[in-house]
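Student: Need a 3D model of the sequence below.
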Amino acid sequence: MTFPIYLEVDQIYNLACPASPIHYQHDPVQTTKTSVHGAINMLGLAKRVKAKILQASTSEVYGDPNVHPQTEDYWGHVNPIGPRSCYDEGKRCAETLFFDYWRQHRLRIKVMRIFNTYGPRMHPNDGRVVSNFIVQALLGQDITIYGDGSQTRSFCYVDDLIEGMMRLMASGDQVTGPINIGNPNEFTILELATKIIEMIGAKSKIVRRPLPENDPRQRQPNISRAKAQLGWEPRTQLQEGLTRTIAYFEKMLSEDSVRETQAVE
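Tutor: Reported below is the predicted structural model:
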């Protein structure tokens with residue numbers, strides 16, 4: 001027997017969904033359900049309790065963009081039937097639901113589009129480039145890049161992301177979004193790999209694999225709206241953010257090594 005849960009809340013943050021390709025492609029049907037059913041459930045709750053609700057959307061709604069950098073009024077260039085579509089289209093549908101609830105029920109909504117967040121507490125098998133490259137370099141393994149490494153990303157440190165998220169939630173009801181939250185400094189994947197090898201002092205070689213289907217060639221946020229409406233822009237540069245993230249993974253891998261040694265003994 002199940003019982004309904006009654007909550008008294010005034011703010012809801014909907015962050016549910018795997019965000020790494022290796023994870024969201026593992027069970028694509030469930031990924032789409034998480035984005036769509038999850039949005040419906042949380043919007044229904046927000047409507048019942050009259051709460052303000054924030055949707056953690058993604059730069060993936062822009063797909064492989066034909067507009068660079070990406071502004072919030074760009075509709076995107078997404079393959080609706082590709083292997084990444086479960087995530088891309090799930091998040092796009094969630095945005096649709098949020099704005100329909102805003103139009104139809106006058107729900108107080110906030111929609112943020114997140115660009116490539118990284119930082120401490122990422123899972124070592126997260127599957128995204130920052131954690132992949134750092135773990136591979138620390139273990140002395142070859143670093144794997146896909147394609148020729150010329151595709152670009154803009155990496156936003158987690159502390160900056162959280163500040164942007166909190167500012168958006170605290171903004172007036174007239175600020176609905178969507179608002180890009182990301183770092184506009186753009187790097188190629190090859191530049192990132194080279195930088196991490198140098199910072200760690202690793203002997204890792206760079207090996208190339210075929211580029212996955214529909215992998216975006218460019219990704220860079222235009223954050224003019226975030227600056228104007230939230231007074232927000234990122235403060236953490238890549239060098240500083242990577243230093244903190246590398247230190248986290250060094251400590252974690254060292255602790256894992258100690259535990260393995262103790263288990264053998």
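Student: Now do the helices in the stretch 151-265 of the chain.
Tutor: With helices called from DSSP state H, counting those that start in this stretch, the stretch 151-265 of the chain shows them at 158-170, 189-200, 224-230, 238-264.
Student: should've said the stretch 1-150 of the chain
Tutor: 21-24, 28-49, 85-105, 129-138.
Student: Kindly compare burial across those helices and name the winner.
Tutor: By mean neighbour count, with neighbours taken as mean count of other C-beta atoms under 10 Å, helix 129-138 ranks first of these at a mean of 22. All C-beta spots, glycine's among them, are computed from the backbone N, C-alpha and C.
Student: what does that one contact?
Tutor: For helix 129-138, contacts defined as C-beta atoms under 8 Å, 6 or more residues apart in numbering pick out 118, 122-126, 142-144, 153, 155, 189, 192-193, 196-197, 200, 202, 204, 242, 245-246, 249-250, 253.
Student: for the record, mean pLDDT for that helix?
Tutor: Helix 129-138 comes out with an average pLDDT of 95.
Student: So what's the gap between that helix and the chain middle?
Tutor: How far helix 129-138 lies from its chain's middle: 17 Å, per C-alpha atoms, centre = their mean, to the nearest Å.
Student: Poorly predicted segments of the stretch 101-250 of the chain, please.
Tutor: Applying pLDDT under 70 to the stretch 101-250 of the chain picks out no residues at all.
Student: what separates residue 28 from residue 98, distance-wise?
Tutor: To residue 98, residue 28 is 22 Å away according to C-beta to C-beta, to the nearest Å.
Student: Same question for residue 31.
Tutor: Residue 31 is 18 Å from residue 98, by C-beta to C-beta.
Student: Can I get the helices of the stretch 151-265 of the chain in a markdown table including mean neighbour count and distance to residue 55?
Tutor: Listed next are those as a markdown table, based on neighbours: other C-beta atoms under 10 Å; distance: least, C-beta to C-beta, whole Å:
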| stretch | mean neighbour count | distance to residue 55 |
| --- | --- | --- |
| helix 158-170 | 18 | 10 |
| helix 189-200 | 18 | 28 |
| helix 224-230 | 17 | 15 |
| helix 238-264 | 13 | 25 |
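Student: So which of those helices is nearest residue 68?
Tutor: helix 224-230 (14.4 Å; C-beta to C-beta).
Student: so which of the helices of the stretch 1-150 of the chain comes closest to residue 113?
Tutor: Using C-beta to C-beta, the helices of the stretch 1-150 of the chain put helix 85-105 closest to residue 113, at 8.6 Å.
Student: For the closest one, report the contacting residues that lie outside it.
Tutor: 14, 17-19, 21, 24-25, 28-29, 31-32, 34-36, 38-40, 43, 46-47, 53, 55, 57-58, 60-61, 63, 76, 78-80, 107-109, 111, 176, 178.
Student: Report the angle between it and helix 28-49.
Tutor: Interaxial angle of helix 85-105 relative to helix 28-49 (axes from the mean of the first three to the mean of the last three C-alpha atoms, to 10 degrees): 20 degrees.
Student: got the CA coordinates for helix 85-105 in CSV?
Tutor: C-alpha atoms of helix 85-105 as CSV (Å, rounded to 0.1, in the frame of the first residue of the first chain):
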residue,chain,number,x,y,z
SER,A,85,18.1,12.4,-28.2
CYS,A,86,16.8,10.9,-25.0
TYR,A,87,18.6,13.6,-23.0
ASP,A,88,18.4,16.5,-25.5
GLU,A,89,14.7,16.1,-26.3
GLY,A,90,13.8,15.0,-22.8
LYS,A,91,15.2,18.4,-21.5
ARG,A,92,13.5,20.3,-24.3
CYS,A,93,10.2,18.7,-23.5
ALA,A,94,10.6,19.6,-19.9
GLU,A,95,11.2,23.2,-20.8
THR,A,96,8.0,23.1,-22.8
LEU,A,97,6.1,21.8,-19.8
PHE,A,98,7.5,24.5,-17.6
PHE,A,99,6.4,27.3,-19.9
ASP,A,100,3.0,25.7,-20.5
TYR,A,101,2.4,25.6,-16.7
TRP,A,102,3.5,29.2,-16.5
ARG,A,103,1.2,30.3,-19.3
GLN,A,104,-1.8,28.1,-18.3
HIS,A,105,-1.5,28.1,-14.5
